[in-house]
Each structure stands twice: as structure tokens, then as C-alpha cells.
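Trainee: Just the structure for this:
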Amino acid sequence: MEEFEKNTHLFEDEGNYFNNLFEEDDYSYLSVKNCDFKNCILKNMIITDTTFDHCYFTDVLFDHCDFSNAKFEESLIKKCSFKSCKTLGMQVNNSILDHVTYEECMMSYSSFYHTQIKEVHYYSSQLNESFFTNCQIKASFSESDLTMTEIDHTSFKGIDLSSALISGIRITPYDLKGAIIGADQAIDLVPLLGVILK
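Mentor: Below you'll find the predicted structure:
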């Protein structure tokens, strides 16, 4: 079994973290630049209102962490898993998410802007009232909540929404074209057409 080194120091600019375990600590209100995290575990961490600028996360497990109002700027998150995390109001800007899973995460009011979302899987996660703006996206939203989510200049062609909640979703017909929905969801999309059901 692989061993991880317990790390009790705050994140530092240009820090390199490999095989580190961060557990049950509060790293809120930090501003961190040019960090590199590889093969790490962050468990029961509070990282609210923290900014990661030009940071790289590879093979990282985030377990029961709170990233509320955290911000990722021009960062890479690759082959990472978020399990039962809270990311309310999190901002991901000009970044890349590559082979990332979010499982049973509370992600309401999150914002993804000019971000490449590649092979990202949202399982049983709450993304209600979130924003996807000018993103390139290839993702799945299995049993996830997209109620009142706003999608702008982000094509959902080929995205399977059939098991997601999409009531009140705000998306243009152009961005919606080619998305996969269930027959019972069609009524949720009628308001987007500007017609009145009789």
C-alpha cells in the first residue's frame, strides 16, 4: 500500500507536493500561485475563499473538502476525484478539467468560465444555479441537479442529460442542439422556445 507523507504546512507559492496527505486543517483565505500537486490526498479540509493561480493538480483525491468560494485561475485539474465535497460558489476560470469526477458534491452557484471540460463526470451532484460560460465541454451529469443552471456559448451537443434534473435550465436552442434528453424532460425545455402550452 502506498504511503503518504502528512503535511501540516500551509500551501506556498511555487510549492511542489508529491505523495502528501493534507487532513482536517483550515487553509481558507489563501492566495497561492504556481503550485504543483501530484498523487496527493486532501481529506476533510476547509479551503474556502482560497485562490489557486496557475496551479496543477494531477492524480489528487479530494475527500469531504470544502472549497466554497474558492477560485481556480488558469489551472489544470487532471485525473482527480472530488468525493462528497462542498464547492458552493466555486469559480473555475480559463482552466482545464481533464478526466475529473465529482461524486455526491454540493456545487450550487459554481461558475465555469472559458474552461475546457474534458471527460468530466458529475455523479449525484448538485449544480443548481451554476454557470457554464464559453466552455468546451465533454461531460456526463448522471443523476445530477442542473435546475436553473445557465449555459451560455457552451455547446451541449452529445451531452446526456436524460437522468439529470433540468427544470428552469437557461440555455439557447443553439447550445442545446444535439443534447440527449428523456421524453419526460421535453416539457422542461418548452419555455426556451418562447411558446405557450395550451
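
Trainee: residues near K83, how many?
Mentor: 16 (other Cβ atoms under 10 Å). C-beta: built from backbone N, CA, C; applies to glycine.

Trainee: and it, bridged to which residues?
Mentor: Under DSSP bridges, the beta-bridge partners of K83 are D63, E103.

Trainee: need the helices for the protein, in chain order.
Mentor: Secondary structure of the chain (DSSP state H): helices at 173-176, 186-189.

Trainee: So which other helices or strands are in contact with the helix or strand of the chain with the lowest mean pLDDT?
Mentor: Least confident element among the helices and strands of the chain, by mean pLDDT, DSSP states H and E: strand 5-6 (a mean of 78). Strand 5-6 is packed against strand 20-23, with contacts defined by 3 or more Cβ pairs under 8 Å, 6 or more residues apart in numbering; DSSP states H and E.

Trainee: Walk me through which strands the strand it packs on pairs with, and which way each runs.
Mentor: With DSSP bridges as the test, strand 20-23 is paired with strand 5-6 (parallel), strand 41-43 (parallel).

Trainee: where does that strand sit relative to the chain's centre, distance-wise?
Mentor: 21 Å (Cα atoms, centre = their mean, to the nearest Å).

Trainee: where are the low-confidence patches of this protein?
Mentor: For the chain, applying pLDDT under 70 flags the ranges 1-2, 8, 195, 197.

Trainee: Against N93, how distant is E150?
Mentor: 16 Å (Cβ to Cβ, to the nearest Å).

Trainee: Next, count neighbours for E3.
Mentor: Count around E3 with other Cβ under 10 Å applied: 6.

Trainee: residues contacting it?
Mentor: Neighbouring residues of E3 by Cβ atoms under 8 Å, 6 or more residues apart in numbering: N19.

Trainee: State the distance from F18 to K38.
Mentor: Using Cβ to Cβ, we find F18 at a distance of 5 Å from K38.

Trainee: oh, I was asking about F62
Mentor: For F62 relative to K38 (Cβ to Cβ), the value is 14 Å.

Trainee: Tell me which of these two has more neighbours.
Mentor: Ranked by neighbour count (other Cβ under 10 Å), F62 and K38 place F62 first, with 26 against 15.

Trainee: List the contacts of the more buried one.
Mentor: By Cβ under 8 Å, 6+ apart, F62 lies in contact with 42, 45, 80-83, 85.

Trainee: if we take the residues you listed, which one ends up nearest to F141?
Mentor: F82 (14.5 Å; Cβ to Cβ).

Trainee: correct me, but that closest one touches C105?
Mentor: Yes: using Cβ atoms under 8 Å, F82 is in contact with C105, at 5.4 Å.

Trainee: who touches both of the two?
Mentor: Residues touching both F82 and C105 (Cβ under 8 Å, 6+ apart): none.

Trainee: Could you work out the end-to-end span of stretch 103-113 for me?
Mentor: 21 Å (Cα to Cα, to the nearest Å).

Trainee: list the buried ones in it?
Mentor: For stretch 103-113, burial by neighbour count (16 or more other Cβ atoms under 10 Å) applies to 104-113.

Trainee: And stretch 131-149, by the same measure?
Mentor: Across stretch 131-149, burial judged by 16+ other Cβ under 10 Å covers 131-132, 135, 137, 139-141, 144-149.
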